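J.: Structure for this input, please:
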Amino acid sequence: MMNIAIVGATGNVGRKILEVLEKKNFSLDNLYLVASSKSAGSKITFKDKELEVFDLEKFDFSKAKITFFAAGGKISENYATKAAQHSIVIDNSSFYRMDPDVPLIVPQVNSEDLKKIKKNIIANPNCSTAQLVIALKPLHDAFKIKRVVTSTYQSVSGGGKAPMDELVEQTKLFLNNQEIRSKNFTKQIAFNAIPHIDVFADDGYTKEELKMTNETKKILDKNIELTATCVRLPVLVSHSESVNIEFEKTFTVDKVRQLLDNADGCKVIDERKDGGYSTPIEAAGKDETFISRIREDKTINNGLNLWIVSDNLLRGAALNAVEIAETLIKNNFYGK
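T.: Reported below is the predicted structural model:
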């Protein structure tokens, strides 16, 4: 019996997990949708059936073999340990990511770390990290990465449904020459770019930028140096990244292209002509991480530039979480 629960089933990522399960025709016996008391009793359609939403406070986690958490850090902090007494938890929040006893997993990159489950909790990485490491992995294996410099251009859906609604609303106000007051952003987001995601640390980096550094080291290799600048753009879905890599070994652009094209989860779209690259709109709704603008950086030895685009709600959240579950099932839960 494969019974699955989704905590936060009514939110952005929870609904995406449902979409991915349905699209993959994921084999399950019972599916339990769980949310806050205000959503309890509401109905969500899955595979032409109406499923009732359970109240998180009252839900019995022993009913589920795997529980997805997609309701933010506070909910994970308060309920994941309780759930993990009965169920394997796959957590989409940042709460457990840097816990040394919790594996941080992108299945195409470090699925072997699933053997190290200690707390019955597995962490899903930050959306911008997930799409980055899936592209870095085959290149690191071949040429050994020394340093990465990345600037991210992140969609508003990374902040949830309310920022998406606000972008649409601000756009209407701007086009009608009406006053804009930002609720979910530090400045106007419509027709703008905000170089600030999450809170500032004392050293001037934001928490989002530090997440990328720390998570890449944990998932891929602790010796990789990485610095990031994270920018919020007026885009609904999909994150883009400009990535500069310095390798220890020599490479050819043709070999890089071949490695990326053959890597699980990656797709190269790199024609050196007008429109011969991927953008957020083309990546939205797709499972792959798209890589474009592959070229040598001639200012340093063994330097490479890439453009990486991926649907942050899929690769960075729902799809990655479901692929973790698939990997667990395929390997008989590594004896857990």
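
J.: Okay, now the unreliable bits of the protein?
T.: 1, 335-336 (pLDDT under 70).

J.: ok, which stretches of it are helices?
T.: 12-23, 73-84, 107-110, 127-143, 161-175, 207-219, 253-262, 280-283, 319-330 (DSSP state H).

J.: and the longest one, what does it pack onto?
T.: Meaning helix 127-143. helix 107-110, strand 145-154, helix 207-219, strand 239-247, helix 253-262, strand 266-268, strand 289-297, strand 303-310 (3 or more CB pairs under 8 Å, 6 or more residues apart in numbering; DSSP states H and E). Glycine gets a C-beta too; all of them are placed from N, C-alpha and C.

J.: ok, now the fifth one?
T.: Using 3+ CB pairs under 8 Å, 6+ apart as the contact test, no helix or strand touches helix 161-175.

J.: Give me the contact list for that helix.
T.: When contacts are defined by CB atoms under 8 Å, 6 or more residues apart in numbering, helix 161-175 is touched by residues 11-12, 156-157, 179-180, 182-185, 188-191, 234, 236.

J.: Can you select the buried ones from those residues in PyMOL?
T.: Here is the PyMOL selection string for the buried members of the contacts of helix 161-175, based on 16 or more other CB atoms under 10 Å:
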select buried, resi 11+12+156+157+180+185+189+190+234
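
J.: Pick the one among the contacts of helix 161-175 closest to Asp99.
T.: Taking CB to CB as the measure, Asp99 lies nearest Gly11 of the contacts of helix 161-175, at 22.9 Å.

J.: The closest one against Gly160, yeah?
T.: Yes: with contact defined as CB atoms under 8 Å, Gly11 reaches Gly160; the gap is 7.1 Å.

J.: Tell me which residues touch Val237, please.
T.: Neighbouring residues of Val237 by CB under 8 Å, 6+ apart: 155, 157, 280, 284-285, 311-313.

J.: Which single one of the residues you listed is nearest to Lys23?
T.: Nearest to Lys23 among the contacts of Val237 is Gly285, at 10.2 Å by CB to CB.

J.: What sits closest to Asn312 if chain neighbours are left out?
T.: Spatial nearest neighbour of Asn312, excluding adjacent residues (CB to CB, 6 or more residues apart in numbering): Cys127 at 3.9 Å.

J.: Is it correct that that neighbour is in contact with His239?
T.: Yes: Cys127 lies in contact with His239 (CB under 8 Å); the separation is 6.0 Å.

J.: Find residues that contact each of those two.
T.: 154, 158, 312, 316.

J.: who wins for most neighbours among the residues you listed?
T.: Gly316 (30 neighbours; other CB atoms under 10 Å).

J.: contacting residues around that residue?
T.: Residues in contact with Gly316 (CB under 8 Å, 6+ apart) are 125-131, 158, 239, 310.

J.: Just the buried residues out of these, in PyMOL syntax.
T.: Typed into PyMOL, the line below selects the buried ones among those, using 16+ other CB under 10 Å:
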select buried, resi 125+126+127+128+129+130+131+158+239+310
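
J.: count of neighbours near the closest residue to Glu50 other than its chain neighbours?
T.: Spatial nearest neighbour of Glu50, chain neighbours left out: Lys43 (4.5 Å); criterion: CB to CB, 6+ apart. For Lys43, the count of nearby residues is 10 (other CB under 10 Å).

J.: Understood, closing this out.
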